[in-house]
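> With the sequence up front, the predicted model follows.
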Amino acid sequence: MTAFRFCKPSDMSREHFVEAFGDIYEHSPWVAEAVFEQGLQAEDNQIETLHLKMATVLLGADKQAQLDLINAHPDLAGRAAINGELTEASTKEQAGAGIDQCTPEEFDKFTTYNDRYKERFKFPFIMAVKGANRHQILDAFKKRLTNDGETEFETAIKEINKIAFLRLWDM
C-alpha cells in the first residue's frame, strides 16, 4: 500500500476533501462527496484503498450517473484540447501520450475516429492514455469501434477507474 505524499484524506474536512479529490473523476465531484459521506478511516490515507472506495462508488452508481461521467470526458485530440479547455490533468495526460504532437494526418484520424465512435456509441471514447502513445491510442480506437455498446460502456467505466487511479497516484 502507498500513502499519499502530501495529504491525509482521513484528516480532511468535507470541503477540503472534495476540493482535493473532486476532479479525480472528470468534472464529477459527486464521487468524492459520496466517499466522504461513507466516512474516512486511517486506511483511506493509502492510494489503493481510497481508489477502491471511489471506484466502488462509480460502479454502484446508476447508469445515468455513469453515462454523465463518461460524457464529462473530453475527446482525445478534440476541440477542447485545441482550444485549451481541458482540465489540468487531461492536458497532462494527453500531452504525455504525444497527442499534442500529432501530424495533420494523425489529427484527422483522431477527428474521424472520435466522430465515428460518438455516432456509434453516443458517448466519447475513453482510454487511460498514460503510458501509451498516439499510435497505440489510434489502434485502440480502430479495435474498439467493432465492439457492441454494452462492452464499450463497461470498457469506458473501467478506463475511467484506471484514469482515477493514475490521478490519485500522481498526487
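Received the coordinates, thanks.

> hey, let's count contacts and neighbours off CA atoms from now on
OK.

> can you pull the contacts of the nearest residue to Pro29 once chain neighbours are set aside?
Leaving out its chain neighbours, the residue that sits closest to Pro29 by C-alpha to C-alpha, 6 or more residues apart in numbering is Gly22, at 4.0 Å. In this structure, Gly22 makes contact with Ser28, Pro29, Trp30, Val31, Ala32, Glu33, judged by C-alpha atoms under 8 Å, 6 or more residues apart in numbering.

> Closest to Ala55 out of the residues you listed?
Val31 (8.5 Å; C-alpha to C-alpha).

> isn't the closest one right next to Thr56, touching?
No - the pair Val31 / Thr56 is not scored as a contact, 9.4 Å apart, by C-alpha atoms under 8 Å.

> Which one of these two is surrounded by more residues?
Set Val31 next to Thr56 and count neighbours by other C-alpha atoms under 10 Å: Val31 wins out with 24 against 14.

> what's the longest helix seen in the chain in contact with?
When the chain is parsed with DSSP state H, its longest helix is helix 149-170. Here helix 149-170 makes contact (C-alpha under 8 Å, 6+ apart) with 4, 24-25, 47-48, 51, 55, 59, 66, 70, 89, 121, 125-128, 130, 144.

> Quick one, which of those residues are buried?
4, 24-25, 47-48, 51, 55, 66, 70, 121, 125-128, 130 (16 or more other C-alpha atoms under 10 Å).
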